[in-house]
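Trainee: how does the following fold in three dimensions:
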Amino acid sequence: MENPPSYSAATTRLDWLSIVAAYIPASCWTCCCLVDRRFYHHFAPRLWQDPLVTVRQLGLHPNDDLAWYRRFIHKYATGARHETRCMVKSLDFRAFALRASGLYSTEASERAISESFKALPRLFPQLVCLLVDGHSELDPGFLGTGKNDIITQSLELLDLARCRQELTSNLFSSHMFHGLVYLDISYVPGSLRNALQSSLNPTYLPQLRILKAPGREVDDVTARLLFQTFRLQLWSLDLSDNRLTDHSVDALLAQCFSAKSFRSHAHFEVEGKVAAPKSIGDHQYGPFEFIQESSHSASFEHPERYFADPPIYAQKADQVELQEWQTIRSDGISLPVMVDAGAVKKALLGNVLFSQSQITPSQPIRDFHLARGGITHLFLNNNKFTAHGIGKLMRLSAGRLQHFECDSCLYASPVTSPYPQDRQQLHIAGMFGLSHILRPVFSSNLRSLRVHHSVVTQVPGIITERLPLATSQRLSETVLFKKISRVYPQRFVPDMNPRIASLMLTNIPAWSTGPIVERLTSFLDLVSVQQKAIKQAGLGTRSDHITILSGLRHLRLELNSNFSEAELDLSTGRDIDYDKLLDPGDDEFSNNTFSFFDDMKPDMPKKPSMRQEPPKNDDAERYSQWKSGRLKSSPYSETESHFINYCEDASNSWTGNVFSVPVWIGPGTIGPHAAVNEYMWNLQNADLRTHVGPATPDHVASGVPSMVYIFRAAWDAMVFPKNLAQDLRNSGSAPLRDVAGAIKEYRARTRGTAQHWDGNIELLRTSGSSRYHTSEYWR
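Mentor: Modelled structure (predicted):
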């Protein structure tokens, strides 16, 4: 909740103009300024604070932008009073002078704007926001050419995204950037490493809190340098569209997350708690921690699950801030803090108007200047992470993250797959098996989330160049969907974390054979049920001091680009020789099979152009014949117990010490749980008796006892096909259905009924070439 106003702010009588000014249209501001000094005091700042946006609201045609800007800089601003020029707080070029006009070419336009940057500190001494995203030819180097002795106000927001000019290494050493809070250098050429070693560091940017650096070819080495440079100073970091892998996760956790945990046992009855019976772990997984459930937490049905956290009361009346040792998670009521350029600019300019009206700044303004506590908003879209790396990051972030984005990640087995031929041709993407880390017991502060759709649908993405799109889609929604539903039966549902207000699901296929549509519509049904339950909880609350959470209020479904009818009809599943299609020895098979990790692809020698018979998968056939009796291979031939002892070397131990734990292997006989049966079968392969880890709620739901350790390698191997050619034959030829059309039909069918969810839902279709910058909306 927002902090209460100060005594002076609460007792000061407000001018009614400060209230109504926000509702007066821009076309009337000039007239209002002419009424008297009192009106001028309220409306002149609105007229001048963002002139490029204001002049567009006043009707300036885009063809006249550059001519007007030259007159504004060289005539109007130069001749204006110093007090008037100090009212200019923002220059937003994002929708200004984007086309050539009159006698000026695009190049001349950009050069004229770039040269005007030299005069900005002198013309507009109180400028705080400069946004040039969309002007690729602008040269930001002119910003650092002004003399430091004439700079009286530092910029607080600088957006240089998609600038084609390489930034000079010492650009940010100018006093003009000393107070910078928000910096966007996305898709700008040049080495980020050189910038970090010169001027992009806390020495010159001590107030920087929000850094956006997508598309900078940042690898793990550069990322580690970035983390070591800023440590806990940043609270929002965007490293999307780079080359990061799981190897950067440990450095990110060690440098950019404080050791303070926001998790608490106080909510055990509602949410459960994190328990670590032994202080052990390994480097890949991290500490071995379980979720210890209460009688209600596992089913998400506690009657108080929608209650917001009560406020924390201090023992001393004059204690306003928390002590260094205190941590309090967010109450789950206030709106999530937005960190895009538009939201930050709006908040900063709003703070200026508040200060002029002697109104206490709003809560978002104070949030931009948070003390150094580490990352709370993290963007890792379109990198090379695996589901294991993302799971480790979320678990070890100690509940600090409030907003997290990772639109896709590879689901990789911890060890080499026992079916290497299929793995060379097929890669699986998704976040299944991670729904439990989104619960408040792990993600205590999480309010908004953007992740792969599989966290809800349990349908994986398939990355391959050998299969037609329609065939890949059928395979993912039939055979692989059934595997994942059996191995990781818990998908994310709204009541898993009622504190999440915004959910964005990415990479949703445009066409579906049924499961994706069914899972998305059933998720909307569950959101509707949550909505009704929250209203009922509010009506049933007798105390006026209990605040109810809002639940999920925004859902965005991001669909992949549509593929043509020719691609839909390319394969019906009947006339394809899958053995030939998947034969590495065939003439048409490429040795450069697509991999999610380009730098991890094995160097395969080119095979001679000759047809080879695909090897038979005896393991799959023998497993299908196992109907009764106890397994006779190791480890079951060596013990009658359901556990075997596993020892971990100090080199791979999380604490650096050797440890041993009893690992559950099951009875070795056929039981009622299919996933457990296959897990026991896989344990006969010694290579899969590795990577010990704690049983998660998914494992428990599949039949594993709670609070035991299992071999994760044997469990994860169940996701991958044992016989890909046979699985392709079993995927059938079901017709594909338009996902967007199905969602629209569902919304139309439920509108006006008790089943209708009144939250905000968006359908967004991304294009393959410009996935994050071009979109088509339907609301």
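Trainee: what is the burial count for residue 690?
Mentor: By other Cβ atoms under 10 Å, 15 other residues sit near residue 690. For glycine as for every other residue, the C-beta is placed from the backbone atoms N, C-alpha and C.
Trainee: ignore what I typed, I meant residue 673.
Mentor: For residue 673, the neighbour count with other Cβ under 10 Å is 16.
Trainee: what's the answer for residue 30, then?
Mentor: When neighbours are defined as other Cβ under 10 Å, residue 30 has 12 of them.
Trainee: for it, list the residues it contacts.
Mentor: residue 47 (Cβ atoms under 8 Å, 6 or more residues apart in numbering).
Trainee: is it in a helix, a strand, or coil?
Mentor: Of the three states, residue 30 takes helix under DSSP: H, G, I helix; E, B strand; the rest coil.
Trainee: could you number the chain from 707 rather than 1 from now on?
Mentor: Right, with 707 as the first residue, what we last looked at is residue 736.
Trainee: measure it to residue 1442 for me?
Mentor: 58 Å (Cβ to Cβ, to the nearest Å).
Trainee: ditto for residue 1260
Mentor: According to Cβ to Cβ, residue 1260 and residue 1442 sit 28 Å apart.
Trainee: so these two - more neighbours on which side?
Mentor: Shown here are residue 1260 and residue 1442; by other Cβ under 10 Å, residue 1442 has more neighbours (19 against 15).
Trainee: skipping adjacent residues, who's closest to residue 1445 in space?
Mentor: Nearest in space to residue 1445, with sequence neighbours left out and distances taken as Cβ to Cβ, 6 or more residues apart in numbering, is residue 1218 at 5.1 Å.
Trainee: that neighbour bridge partners, please.
Mentor: Bridge pairing for residue 1218 (DSSP bridges) gives the partners residue 1443.
Trainee: state the distance from it to residue 1085.
Mentor: 28 Å.
Trainee: how about residue 1335, what does it touch?
Mentor: Counting by Cβ under 8 Å, 6+ apart, residue 1335 touches 1375, 1376.
Trainee: pLDDT value on it, please?
Mentor: With respect to pLDDT, residue 1335 scores 90.
Trainee: so it: helix, strand or coil?
Mentor: Per three-state DSSP, the local secondary structure of residue 1335 is coil.
Trainee: which stretches of the protein aren't confidently modelled?
Mentor: 707-716, 806-816, 851-857, 1018-1032, 1059-1077, 1119-1131, 1248-1250, 1269-1324, 1473-1485 (pLDDT under 70).
Trainee: in the biggest helix by length in it, what's buried?
Mentor: Ordering each helix of the chain by length in residues (DSSP state H) puts helix 1221-1246 first. The neighbour-count check on helix 1221-1246 (16 or more other Cβ atoms under 10 Å) flags 1221-1223, 1225-1227, 1229-1230, 1232-1234, 1236-1237, 1239-1240, 1243 as buried.
Trainee: so which elements touch it?
Mentor: Using 3 or more Cβ pairs under 8 Å, 6 or more residues apart in numbering; DSSP states H and E, the elements in contact with helix 1221-1246 are helix 1160-1163, strand 1260-1265, helix 1445-1456.
Trainee: switch to 10 Å and redo it
Mentor: Contact here means 3 or more Cβ pairs under 10 Å, 6 or more residues apart in numbering; DSSP states H and E; on that basis helix 1221-1246 packs against helix 1160-1163, helix 1175-1183, helix 1185-1193, strand 1208-1214, strand 1217-1218, strand 1260-1265, strand 1443-1444, helix 1445-1456.
Trainee: give me whichever of the ones you listed is most buried.
Mentor: helix 1160-1163 (a mean of 27; mean count of other Cβ atoms under 10 Å).
Trainee: what comes into contact with the helix or strand just after it?
Mentor: The element immediately downstream of helix 1160-1163 (helix or strand, assigned by DSSP states H and E) is strand 1167-1169. For strand 1167-1169, contacts defined as Cβ atoms under 10 Å, 6 or more residues apart in numbering pick out 1114-1117, 1132-1136, 1158-1160, 1175, 1177-1182, 1186, 1212-1215, 1266, 1299-1302.
Trainee: next, count neighbours for residue 865.
Mentor: Residues near residue 865, counting by other Cβ under 10 Å, number 26.
Trainee: list the contacts for it?
Mentor: Taking Cβ under 10 Å, 6+ apart, we find residue 865 in contact with 798-800, 835-840, 888-892, 918, 1046-1048, 1050-1051.
Trainee: of those, which belong to strands?
Mentor: Residues of these located in strands (DSSP state E): 798, 835, 836, 837, 888, 889, 890, 918.
Trainee: please convert the buried members of the residues you listed into PyMOL selection syntax.
Mentor: Command for PyMOL, covering only those of the ones in strands among the contacts of residue 865 found buried under the criterion 16+ other Cβ under 10 Å:
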select buried, resi 798+835+836+837+888+889+890+918
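Trainee: output the ones in strands among the contacts of residue 865 as JSON lines; include the columns distance to residue 1422.
Mentor: Putting these into JSON lines (distance: Cβ to Cβ, whole Å) gives the following:
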{"residue": "798", "distance to residue 1422": "49"}
{"residue": "835", "distance to residue 1422": "48"}
{"residue": "836", "distance to residue 1422": "48"}
{"residue": "837", "distance to residue 1422": "45"}
{"residue": "888", "distance to residue 1422": "40"}
{"residue": "889", "distance to residue 1422": "39"}
{"residue": "890", "distance to residue 1422": "38"}
{"residue": "918", "distance to residue 1422": "34"}
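Trainee: from the ones in strands among the contacts of residue 865, pick the one nearest residue 1007.
Mentor: For the ones in strands among the contacts of residue 865, the closest approach to residue 1007 (Cβ to Cβ) belongs to residue 918, at 40.4 Å.
Trainee: what residues are up against that closest one?
Mentor: Neighbour list for residue 918: 865-867, 888-893, 942-946, 1045-1047, 1085 [criterion: Cβ under 10 Å, 6+ apart].
Trainee: isn't residue 1133 up against residue 1118?
Mentor: Yes: under the criterion of Cβ atoms under 10 Å, residue 1133 makes contact with residue 1118 at 8.2 Å.
Trainee: these two: which is more packed in?
Mentor: Just comparing residue 1133 and residue 1118: by other Cβ under 10 Å the higher neighbour count belongs to residue 1118, 23 against 20.
Trainee: I'd say the more buried one and residue 1097 touch.
Mentor: No: Residue 1118 lies out of contact with residue 1097 (Cβ under 10 Å); the separation is 11.8 Å.
Trainee: what's the overlap in contacts for these two?
Mentor: Contacts common to residue 1118 and residue 1097, judged by Cβ under 10 Å, 6+ apart, are residue 1091.
Trainee: end-to-end on stretch 1417-1434?
Mentor: In stretch 1417-1434, first residue to last residue: 28 Å (Cα to Cα, to the nearest Å).
Trainee: just how off-centre is it within its chain?
Mentor: 28 Å (Cα atoms, centre = their mean, to the nearest Å).
Trainee: same question, stretch 945-956
Mentor: Centre-to-centre, stretch 945-956 and its host chain are 13 Å apart (Cα atoms, centre = their mean).
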